[in-house]
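Asks: Next input, structure requested:
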Amino acid sequence: MPYPREIYLGEELENELAQYIENELINYYADTDAHLKNLIQWQKDYWAEPTKKVAEFPFRNASTIVIPLSAIAVEAVHARTETKLLNQPQLVVAQSLSDEWDAVQKPLEDFMNRQLLDVMKIRRPLSHCFLEAEKFGTMWGKTGYERLVRRIIRTVGEEEQEFEVVYKDGPCFDAVSDSRFLIPYYATDIETAPWVGEEHSETPYAVEQMELAGLFRPGTIIGEDAKLRPYITETMSEHTDQMSGKDYEREMQELENTKPTLTRRIDWVELWLAWPTDDTGIARELVVHFHRESRTFMSIRYNYLSDGRRPYRGGVYFPVEHRIRGIGICKMNEQFQREVTVQHRQRIDNATLVNMRMFKIHKLAGYGPNEPIFPGKIWFVDSMDQIDTIQMGEIYPSSYNNEQSAVIYSQQRTGVNEVTLGMPQVGTPGTATSDLARIQEGQQKFDLWYSNAREFTDAIIMDTADLIQQFGPRNLEYFNTASNGKLVKAFFELPNSYIRDGIVIKLRTSSQQINKILDRQNWQQIAGFVSQYYQGLVQLAAPLGNPQILQLIFSKGLTALNEAMRQILETYDVRNIDRIIVKEIDQILSATSPGAFNVNGLESVLNRPGNTGIEGLNPEGGMDLIQEVLGRISGRSENLAGAV
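Replies: Got it, this is the predicted structure:
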């Protein structure tokens, strides 16, 4: 579907809006200057690049190494986060809140996982969000609607015809760099802030594609008289009095040696804000794309999201009270990395000086400054004190201890130590119990971050489902061609509030505990426990001679084992499960009253010779029957597991 319609406020109101935006951004950049400088410094700490290739003090070629404590901790935490959250076969889990929607859970999971992982390719931008939060303490993401159009030429018959091809149309997710995210410095919530947004910087070609798709007003960049064409920058802009996201990215390009020699970019800001659009003075939610240099509005629209929210989501690595931004590992390690680096350099330089020897020679000994030195050389001197060695320094064991103390403080602050890194314990090894306790306690800090990451991802998943309900998926054919696609379509035809609030089905992030592989193993174990449970019930209930209790146990046992087998098959993504299990059991049990219920096989046990009524029931004979049934079901599960 096309983008929502443009609105034109008139020259006077648009000039007032432009002045308001300019004033707000001037104040914002004045406030955020120190924060952007911190981001640059923290990224340099993470990169751990020596400031000098060759040191001249205290002697030439002295140590210049930077100990990358921040990088060690960040990469360890990020690897665990990616493994637990993003490297699973499924990202989304659906949980039905009513029995009527149970059949929709698995088809909805398959659809959402396909949309997020295969169509939107959400793993990479999510990884960028998590990595930035781990480094700097804060992550920002944006869900939205994206439509991109290209013009192509095709030969039809003997003529060439021009076509528009829509190659992207549907929900999208982008990671927003903290250096480019815009929000008033005093704000503590995205929805209550007077405005939020981000800086954009794209090539003229990308802007042209957006204008063709209808995102920007006609005449933004297409045409000789386009408003923004004179403002295409040919080179990277220099530092200004106020730093922006471009300055941060330029510093990183210089640090990483990836700075382009020539770029053609257009810079603008996207803002979601409240602004009165008429004489009533009532503020209405708008989304604005504004080019600051030319004071040109590339587009103005009303907030088009179904519930009026703003599309940005934020999360933190470690929270700070009453602040929207958090603390990251680079901030935690800032002083420790510098201290350990200085001490390590001093220790290496000290060892170099200790192993460095010079000779002192009496000026009348007759040897010049270029006298060759080699093993076995014989010195002929008049006095034994005419030639001697000078030692440059002494070994100080305390320097190593001081360095290790600083490393331990760093580990205590970040929560990343040798246990987290999988390294052997320093010193005398502890017992297995103590190591397990250390691992469990050390997991607490990571669990807090993992909880924040899952909460962030949960919000992204719900926002995506909301956008699919509003704009539709990129491929509507899925509903008609995929297995159970009509059930998924029925879900997205529900009112918006039903989906966003999770009234019928709740969508959330998968984890190792909800992953299908572990879920399969859990259900295989649960099936064994259920079998033992009902076997024990039959053993205890048989001597009582109460047929109603036995009927209840047998009916519940059949239903429970049938459900366990269904759950196991679903974890293997088996199709046509109803053709494998005896689904008629549930129908018969639901249609049969408890008083008229008979279990096939139980009558044969009761009618065996020697059994006179329920009082004469042979408990062992009944157990043989139950064990045979349960054994068959358990065997099916094991055979299926081996086949898969």
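
Asks: what's the domain layout of this structure?
Replies: Listed by automatic domain parsing, the domain ranges of the chain are 1-28+191-309, 48-186+312-343+397-421+438-503, 516-643.

Asks: could the ones you listed go into TSV alongside mean neighbour count, distance to Gly376 and mean pLDDT?
Replies: In short, each C-beta sits where N, CA and C put it, glycine included. Shown next, in TSV, are the domains of the chain (neighbours: other Cβ atoms under 10 Å; distance: least, Cβ to Cβ, whole Å; pLDDT from 0 to 100):
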stretch	mean neighbour count	distance to Gly376	mean pLDDT
domain 1-28+191-309	16	48	86
domain 48-186+312-343+397-421+438-503	17	28	89
domain 516-643	15	69	64
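
Asks: Compile the ones you listed into a markdown table and extend it with columns for distance to Trp379.
Replies: As requested, those are arranged in a markdown table below (distance: least, Cβ to Cβ, whole Å):
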| stretch | distance to Trp379 |
| --- | --- |
| domain 1-28+191-309 | 51 |
| domain 48-186+312-343+397-421+438-503 | 26 |
| domain 516-643 | 75 |
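
Asks: out of the ones you listed, nearest to Val381?
Replies: Nearest to Val381, of all the domains of the chain, is domain 48-186+312-343+397-421+438-503, at 28.7 Å by Cβ to Cβ.

Asks: ok, and the closest non-adjacent residue to Tyr304?
Replies: Leaving aside its sequence neighbours, Tyr304 sits nearest to Pro4 (Cβ to Cβ, 6 or more residues apart in numbering; 4.0 Å).

Asks: Contact partners for the one you found?
Replies: By Cβ atoms under 8 Å, 6 or more residues apart in numbering, the contact list for Pro4 reads Arg301, Tyr302, Tyr304.

Asks: could you measure the first one against Ala453, distance?
Replies: Which is Arg301. 32 Å (Cβ to Cβ, to the nearest Å).

Asks: Ser399 now?
Replies: 39 Å.

Asks: Likewise for Ala542?
Replies: 52 Å.

Asks: Go through the contacts of Pro4 and say which is closest to Lys106.
Replies: Using Cβ to Cβ, the contacts of Pro4 come closest to Lys106 at Tyr304, 31.9 Å.

Asks: what helix or strand does Glu162 sit in?
Replies: Secondary structure assignment for Glu162, by DSSP states H and E: strand 159-176.

Asks: Does anything pack onto that strand? Which helices or strands?
Replies: Identification of packing neighbours for strand 159-176 by 3 or more Cβ pairs under 8 Å, 6 or more residues apart in numbering; DSSP states H and E yields helix 123-136, strand 138-156, helix 432-471.

Asks: for the helix or strand just after it, packing partners?
Replies: Note on strand 159-176: by DSSP H and E, the next helix or strand toward the C-terminus is strand 181-182. For strand 181-182, the packing partners by 3+ Cβ pairs under 8 Å, 6+ apart come out as strand 195-202.

Asks: Next, the angle strand 159-176 makes with the strand it packs on.
Replies: Counting by axes from the mean of the first three to the mean of the last three Cα atoms, to 10 degrees, strand 195-202 points 130 degrees away from the direction of strand 159-176.

Asks: Strand 138-156 and strand 195-202, what's the angle between them?
Replies: 50 degrees.

Asks: Counting by contacts, list what strand 195-202 packs against.
Replies: Partner elements for strand 195-202 (3+ Cβ pairs under 8 Å, 6+ apart): strand 181-182, helix 245-256, strand 266-276.

Asks: among those, which is nearest Glu49?
Replies: Comparing the helices and strands packed on strand 195-202 by Cβ to Cβ, helix 245-256 comes nearest, at 6.3 Å.

Asks: Report the central residue of the protein.
Replies: With distances taken as Cα atoms, centre = their mean, Leu126 lies nearest the centre of the chain, 4.0 Å away.

Asks: Just to check, it is in contact with Met139?
Replies: No - counting by Cβ atoms under 8 Å, Leu126 does not reach Met139; the two are 9.2 Å apart.

Asks: beta partners for Lys360?
Replies: Asp388 (DSSP bridges).

Asks: Quick check: it touching Tyr367?
Replies: No - in this structure, Lys360 is not within contact of Tyr367 by Cβ under 8 Å, at 11.3 Å.

Asks: For the two, indicate the residue with more neighbours.
Replies: When neighbours are counted by other Cβ atoms under 10 Å, Lys360 and Tyr367 differ, and Tyr367 comes out ahead with 16 against 10.

Asks: how about the closest residue to that one other than its chain neighbours, what does it touch?
Replies: Spatial nearest neighbour of Tyr367, excluding adjacent residues (Cβ to Cβ, 6+ apart): Ile361 at 5.4 Å. Neighbouring residues of Ile361 by Cβ under 8 Å, 6+ apart: Tyr367, Gln386, Ile387.

Asks: Tabulate these (a markdown table), appending pLDDT.
Replies: Compiled in a markdown table, these are given as follows (pLDDT from 0 to 100):
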| residue | pLDDT |
| --- | --- |
| Tyr367 | 70 |
| Gln386 | 74 |
| Ile387 | 76 |
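
Asks: out of those, who's nearest Pro89?
Replies: Ile387 (74.9 Å).

Asks: Contacts only, for the nearest residue to the residue nearest to the centre of the chain once chain neighbours are set aside.
Replies: Leaving aside its chain neighbours, Leu126 sits nearest to Leu86 (6.2 Å; criterion: Cβ to Cβ, 6+ apart). By Cβ under 8 Å, 6+ apart, Leu86 lies in contact with Arg123, Leu126, Ser127.

Asks: how does it look with 10 Å?
Replies: Leu117, Ile122, Arg123, Arg124, Leu126, Ser127, Phe130, Ala453, Thr457, Thr509, Ser510 (Cβ atoms under 10 Å, 6 or more residues apart in numbering).

Asks: Check Ile526 too.
Replies: Ala560, Ala564, Gln567, Ile568.

Asks: Secondary structure element holding the second one?
Replies: Going back to what we said before, that points to Ala564. helix 547-571.

Asks: same for that helix, what does it pack against?
Replies: Identification of packing neighbours for helix 547-571 by 3 or more Cβ pairs under 10 Å, 6 or more residues apart in numbering; DSSP states H and E yields helix 105-113, helix 516-541, helix 584-591, helix 602-606, helix 619-643.

Asks: Which of the three states applies to Gln95?
Replies: Secondary structure state of Gln95, per DSSP: H, G, I helix; E, B strand; the rest coil, is strand.

Asks: Surely Ile21 touches Ile300?
Replies: No - taking contacts as Cβ atoms under 10 Å, Ile21 lies outside contact range of Ile300: 11.2 Å.

Asks: Need the residues touching each of those two.
Replies: Common neighbours of Ile21 and Ile300 (Cβ under 10 Å, 6+ apart) are Trp275, Val288, Phe290.

Asks: Tell me the one among those residues nearest to Gly245.
Replies: Phe290 (15.2 Å).

Asks: what's the neighbour count on Ala351?
Replies: 15.

Asks: you'd agree it is up against Ser399?
Replies: Yes - using Cβ under 10 Å, Ala351 is in contact with Ser399, at 9.4 Å.
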